[in-house]
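J.: what follows is a predicted structure for the sequence shown.
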Amino acid sequence: MLLAYIDEIGETGAFVARDHARFNTSPAFGYAGFVVPAAHARRFAAEMHQKKQQLFRREIQAAAHPGRWERKGAD
């Protein structure tokens, strides 16, 4: 079995023009991700969690809910 990690990318909002006061973000929207064999999913998730804890230690510790901390792509 394969497992897919998928997330949306881009903006879902309206687009009028780049110089419009409110609706000026990219009109593109899609999905991106990758696929891993199910037998490797737990190890992959554990390694990603460990790396996240190392790389974003200060931000996670300062968060109101450290267990739910997430960095958005736009950030």
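T.: Perfect, I can see it now. Numbering: from 1, shown residues only.
J.: packing partners for the lengthiest helix in the chain?
T.: The longest helix of the chain (DSSP state H) is helix 38-55. With contacts taken as 3 or more Cβ pairs under 8 Å, 6 or more residues apart in numbering; DSSP states H and E, helix 38-55 sits against strand 2-10. For glycine as for every other residue, the C-beta is placed from the backbone atoms N, C-alpha and C.
J.: what comes up buried for stretch 54-62?
T.: By 16 or more other Cβ atoms under 10 Å, the buried positions in stretch 54-62 come out as residue 60.
J.: which stretches of this protein have low pLDDT?
T.: 12, 73-75 (pLDDT under 70).
J.: tell me which residues are up against stretch 8-23.
T.: Applying Cβ atoms under 8 Å, 6 or more residues apart in numbering, the external contacts of stretch 8-23 come out as 24-32, 73.
J.: ok, stretch 65-75 next?
T.: For stretch 65-75, contacts defined as Cβ under 8 Å, 6+ apart pick out 9, 56, 59-60, 63.
J.: tell me the one of those nearest residue 43?
T.: residue 56 (20.6 Å; Cβ to Cβ).
J.: contact partners for that closest one?
T.: Counting by Cβ under 8 Å, 6+ apart, residue 56 touches 69, 71.
J.: how near is it to residue 45?
T.: Look at residue 56 and residue 45: by Cβ to Cβ, to the nearest Å, they are 16 Å apart.
J.: and for residue 11?
T.: Note on residue 11: its distance to residue 45, by Cβ to Cβ, is 28 Å.
J.: same question for residue 27.
T.: Distance, residue 27 to residue 45, by Cβ to Cβ: 33 Å.
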